[in-house]
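A.B. asks: Pasting the sequence and the predicted model now:
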Amino acid sequence: MKKYETINIETDRMILKKGDSFASKKVYEYDLTKCTGIDGQNELVKFDNPIDFIGDNVEEYYNECENDKIYDWYLYLKKDNIPIGNILADREDEYGAIELSYNIHPDYWGKGYATEAVQSIIEYLKELKYKKVIIHFYEGNNKSKRVCEKLGFKLNSKELKFYKPTNKNIEEYEYVLDLD
């Protein structure tokens, strides 16, 4: 197993694997800064042009991820191979901690997909001998808070941070899960 390689991980309902341009555009067709409850924003707004983080050359994109020490999984439903979300693991520190960030397409919220996928990635990170997993989210993102609490993460800190989409300072929460 090569470190920073985004391997396939299977859960009960999903396959987590490398994505492609289609998957990125599908997952990021909505402006997720406007619908997650952060700073009171709860409006579904579709982008005119969905975000394509991967581009036409998947191999080059994932080589860059490995070089930048990033794992980048896209979540596909087993039943129809539809991409429904994305999870990144990056910002590894010298103490064996790594940060996760995730997005689920709004059509799939409230079905436990984020919890299921994050749990499977935590198991993989344990195999790689990481000591802690860290998740940050802004005040109002109660969906992320529920995922963290279901998985046993504990509030480590909160800090007033500038939130660019609304040009305001709001609380950013840091939740930590010890893997030892």
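C.D. replies: Ah, there it is. Numbers count the residues shown, from 1 in each chain.
A.B. asks: hey, let's count contacts and neighbours off CA atoms from now on
C.D. replies: Noted.
A.B. asks: So residue 144 lies in a helix, does it not?
C.D. replies: Yes: assessed by DSSP: H, G, I helix; E, B strand; the rest coil, residue 144 belongs to a helix.
A.B. asks: residues contacting residue 173?
C.D. replies: 136, 137, 138, 139, 155, 156, 157, 158, 159 (Cα atoms under 8 Å, 6 or more residues apart in numbering).
A.B. asks: Spatially, which residue comes closest to it, not counting chain neighbours?
C.D. replies: Distances taken as Cα to Cα, 6 or more residues apart in numbering place residue 158 nearest to residue 173, at 4.4 Å, with adjacent residues excluded.
A.B. asks: element containing the spatially most central residue of the chain?
C.D. replies: Note on the chain: the residue nearest the mean C-alpha position is residue 102, at 1.4 Å, using Cα atoms, centre = their mean. Here residue 102 is covered by strand 97-104, with elements defined by DSSP states H and E.
A.B. asks: Okay, now the unreliable bits of this protein?
C.D. replies: 1-2 (pLDDT under 70).
A.B. asks: Check which helices and strands the helix of greatest length in the chain is in contact with.
C.D. replies: Ranked by number of residues, the top helix in the chain under DSSP state H is helix 113-127. Counting contacts by 3 or more Cα pairs under 8 Å, 6 or more residues apart in numbering; DSSP states H and E, helix 113-127 packs against strand 9-10, strand 97-104, helix 142-150.
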